[in-house]
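A.B. asks: Any chance you can model this:
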Amino acid sequence: MTSGDRHVMLALGNLMAESREHLLAQSGSELRPSHHRVIGHVPPEGITATELAERVGMTKQGIGQFVQQLTDSGHLRTAAHPQDKRLRIIRRTSKGDASVRQLAAVLTDLEEKWAKRVGRARYREFRDVLDKLAEVSPPSASP
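C.D. replies: This is a model prediction of the structure:
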């Protein structure tokens with residue numbers, strides 16, 4: 001381990017906790033970060049629950065609960081799939097679009113705060129490394 005023997009997961013956990021606190025303090029939204037994560041994966045053209053579950057990394061049943069909550073709150077809407085009436089297409093509403101824009105502004109503010117804390121050049125390098133690490137798929141489980 002490095003950085004004074006502090007495990008990387010503790011450091012990442014601290015940043016996630018700070019992110020959640022900042023989001024709740026700045027957004028004034030009734031949504032939890034997990035709701036924002038789901039809304040952010042809904043493209044303008046819409047998506048099926050199965051596709052959304054895959055994108056978010058959840059089960060279809062789990063995503064169904066989130067979609068229902070976000071439909072009830074007015075952030076998402078569902079409609080019959082044009083080619084397959086058994087499927088539903090999930091789309092953001094104008095309220096959902098506004099939430100995505102608001103989240104982007106809050107996250108930009110948070111990244112500005114972090115860049116000031118460590119310096120813009122160091123933060124830019126951190127983001128480059130973080131983005132590169134995030135591109136790598138987790139290893140598959142061995143049999």
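A.B. asks: Where does residue 79 sit: helix, strand or coil?
C.D. replies: strand (DSSP: H, G, I helix; E, B strand; the rest coil).
A.B. asks: Quick check, pLDDT for the closest residue to residue 45 other than its chain neighbours.
C.D. replies: Among residues not flanking residue 45 along the chain, residue 91 sits closest, at 8.0 Å (Cβ to Cβ, 6 or more residues apart in numbering). Where you see a C-beta, it was placed from the backbone N, CA and C, and this is true even at glycine. If you check residue 91, the pLDDT there is 96.
A.B. asks: go on, residue 7?
C.D. replies: 85.
A.B. asks: And for it, the neighbour number?
C.D. replies: Residues lying near residue 7 (other Cβ atoms under 10 Å) number 11.
A.B. asks: ditto for residue 97
C.D. replies: Look at residue 97: counted by other Cβ under 10 Å, it has 15 neighbours.
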